[in-house]
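**Q** Fold the following.
(2 chains)
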Number of protein chains: 2
Amino acid sequence: MQVGKPVLYSYFRSSCTWRVRIALALKGIDYETVPVNLIKDGGQQFSKEFQTLNPMKQVPALKIDGITIGQSLAIIEYLEETRPTPRLLPQDPQKKAIVRMISDLIASGIQPLQNLSVLKQVGEGKQLPWAQEAITSGFNALEQILRSTAGKYCVGDEVSMADLCLVPQVANAERFKVDLSHYPTICQINKALLALEAFQVSHPSRQPDTPAELRA
Amino acid sequence: MQVGKPVLYSYFRSSCTWRVRIALALKGIDYETVPVNLIKDGGQQFSKEFQTLNPMKQVPALKIDGITIGQSLAIIEYLEETRPTPRLLPQDPQKKAIVRMISDLIASGIQPLQNLSVLKQVGEGKQLPWAQEAITSGFNALEQILRSTAGKYCVGDEVSMADLCLVPQVANAERFKVDLSHYPTICQINKALLALEAFQVSHPSRQPDTPAELRA
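**A** Sure thing, here's the model as predicted:
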């Protein structure tokens, strides 16, 4: 039921969208990007047109196979079911549970607390410490978990959905000047992942809407 | 690889734990509850013992089949894979994507912004409007989505993971005095779900650690 190329509503800097871009790249799915600038015009995600598409007024949203899906992990799980190669979830149910736990830890436990709309509410001057607290608190847990689950990547030696969440979150940590020296396991996995092509082509510095001064 | 009864680390009022309690009830899985009081003693989730079990210092955590899983949706997905009857995810990949999208909308887009640890950071006096804003903003989107996906429940006429997220979130909305009259679809589904036994036995008012004055 493929109806034309999938369309990804994306913002170059959105860490949640980056997760999906990595999945699309790993699975070799050709797609079109429609940039949604979260800053310009007071935020293009608030336009009537975009709200009809995704009532949450957030990126990413993916138009695919005749439906539109919001929420990055729901999108990745759908891609995994309909385009299973290469796997982003291990076959073993227990390993799969660990992958989902790490993904949710980042997607529910860290990112939402430091995203653009929350920081707006926190108010000027308090944003940096607020974001740092959210990331530090999550990374303390994550580092401890990864010490027992990691091989080359978050869970063993195969790239999984957890890795798709990790790399964009580390990039956010760097933007918010979090001291990463306390997280050797996170840093090592991040480095290994950034060496992979799918993580490079999907990088915020290489998107159609990346401003010239931030381009790689 | 069942190793004794599953053990659920739970707090009666935790909406994320309630999601898992509903799943366990629906699937008829017998389990033990270990209460973790998020308020008492400065928060029992911060104890050394609990941190070893769940570095995120959050409930729920489920010990099952020899592993411990944190994050409510990861737990529910694991139960779904290993105890598939009755289904909590539709077989059709597109419907399944919608169920996961709604679940993630609540689990990543609403609940984390109004949970206990974030409200502590927001500070006295600002907590109620902060929580109301988070829930209202999410429910505006959710109401719009449910209008096109709902039957008797969130997605069609079968109870799904999305419903396990909805009911506890509506209870939070009530606690934070959100005006629910704007959300007729949400209210109608919530009412239909609360009539089901699995949603009743798992209710915060009927847990081993529910204080006497809040008991049903």
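
**Q** When you work out contacts or count neighbours from here on, use the C-alpha atoms and nothing else.
**A** Fine.

**Q** Per-residue pLDDT of A:A25, please?
**A** If you check A:A25, the pLDDT there is 98.

**Q** Skipping its backbone neighbours, what lies nearest it in space?
**A** Ranked by CA to CA, 6 or more residues apart in numbering or on different chains and with sequence neighbours excluded, the top spatial neighbour of A:A25 is A:A198, at 5.1 Å.

**Q** Enumerate every residue touching the one you found.
**A** A:22-23, A:25-26 (CA atoms under 8 Å, 6 or more residues apart in numbering or on different chains).

**Q** And it, its phi and psi?
**A** For A:A198, the backbone dihedrals (degrees, to the nearest 10) come out as phi -60, psi -30.

**Q** how close does it sit to A:P208?
**A** Distance, A:A198 to A:P208, using CA to CA, to the nearest Å: 16 Å.

**Q** and chain A, which residues reach chain B?
**A** Contact residues, chain A versus chain B (CA under 8 Å from any CA of the partner chain): A:55-56, A:67, A:69-71, A:73-75, A:77-78, A:81-82, A:93-94, A:96-98, A:100-101, A:104-105, A:107-109, A:112-113, A:122, A:138, A:140-142, A:144-145.

**Q** Now with 6 Å, please.
**A** A:55-56, A:71, A:74, A:78, A:97, A:100-101, A:108, A:141 (CA under 6 Å from any CA of the partner chain).

**Q** Now the residue lying closest to A:Q114 once chain neighbours are set aside: which helix or strand?
**A** Excluding the flanking residues, the one nearest A:Q114 by CA to CA, 6+ apart is A:A131, at 4.9 Å. Taking DSSP states H and E as the definition, A:A131 sits inside helix A:127-149.

**Q** In terms of residue numbering, what are the domains of chain A?
**A** Using automatic domain parsing, the domain parsing of chain A gives A:7-86, A:93-199.

**Q** Indicate which one of these is closest to B:L89.
**A** Taking CA to CA, domain A:7-86 is the member of these nearest to B:L89, at 12.3 Å.

**Q** and that closest one, how far out from the chain's middle?
**A** 10 Å (CA atoms, centre = their mean, to the nearest Å).

**Q** And stretch A:166-184, by the same measure?
**A** The mean C-alpha position of stretch A:166-184 is separated from the chain mean by 14 Å, CA atoms, centre = their mean.

**Q** For that stretch, which outside residues touch it?
**A** A:15, A:132, A:143, A:190 (CA atoms under 6 Å, 6 or more residues apart in numbering or on different chains).

**Q** rewinding a little: list just the nearest of the contacts of A:A198 to chain B.
**A** Taking CA to the nearest CA as the measure, chain B sits nearest to A:A23 out of those, at 15.6 Å.

**Q** Nearest spatial neighbour of the closest one, chain-adjacent residues omitted?
**A** Per CA to CA, 6+ apart, closest to A:A23 is A:I76, 6.6 Å.

**Q** got a pLDDT number for that neighbour?
**A** For A:I76, pLDDT reads 98.

**Q** what about the residue nearest to A:Q114, distance to chain B?
**A** A:A131 is 11 Å from chain B, where distance means CA to the nearest CA, to the nearest Å.

**Q** Most neighbours among the residues of chain A next to chain B, which one?
**A** In terms of neighbours by other CA atoms under 10 Å in any protein chain shown, those top out with A:Q71 at 28 neighbours.

**Q** any idea which element the residue in chain A that chain B sits nearest to lies in?
**A** Nearest residue of chain A to chain B: A:S108, at 4.3 Å (CA to the nearest CA). A:S108 is part of helix A:93-109 when elements are defined by DSSP H and E.

**Q** which non-adjacent residue is nearest A:R83?
**A** A:K27 (7.2 Å).

**Q** Same question for A:E158.
**A** A:K152 (7.6 Å).

**Q** For B:K96, see how far away that neighbour is.
**A** 31 Å.

**Q** More neighbours: those two, which one.
**A** Neighbours per residue (other CA under 10 Å) separate A:K152 from B:K96, with B:K96 holding more: 21 against 16.

**Q** My guess is that one contacts B:P90. True?
**A** Yes. With contact defined as CA atoms under 6 Å, B:K96 reaches B:P90; the gap is 5.2 Å.

**Q** about what we covered before: how distant is the helix or strand that the helix holding A:A131 is followed by from the center of its chain?
**A** With elements assigned by DSSP H and E, the helix or strand that comes after helix A:127-149 is helix A:161-175. In terms of CA atoms, centre = their mean, the centre of helix A:161-175 is found 7 Å from the chain centre.

**Q** what is the orientation angle of helix A:161-175 with helix A:127-149?
**A** 140 degrees (axes from the mean of the first three to the mean of the last three CA atoms, to 10 degrees).

**Q** which regions of chain A lie under the pLDDT threshold?
**A** Under the criterion pLDDT under 70, the flagged ranges of chain A are A:1-3.

**Q** if I read this right, the residue of chain A closest to chain B contacts B:I106, doesn't it?
**A** No. Contact criterion CA under 6 Å: A:S108 and B:I106 do not qualify, at 9.5 Å.

**Q** and the gap between A:K95 and B:T33?
**A** 24 Å.

**Q** My error: substitute A:V118 in the last question.
**A** Counting by CA to CA - A:V118 and B:T33 are separated by 34 Å.

**Q** ditto for A:G123
**A** 40 Å.
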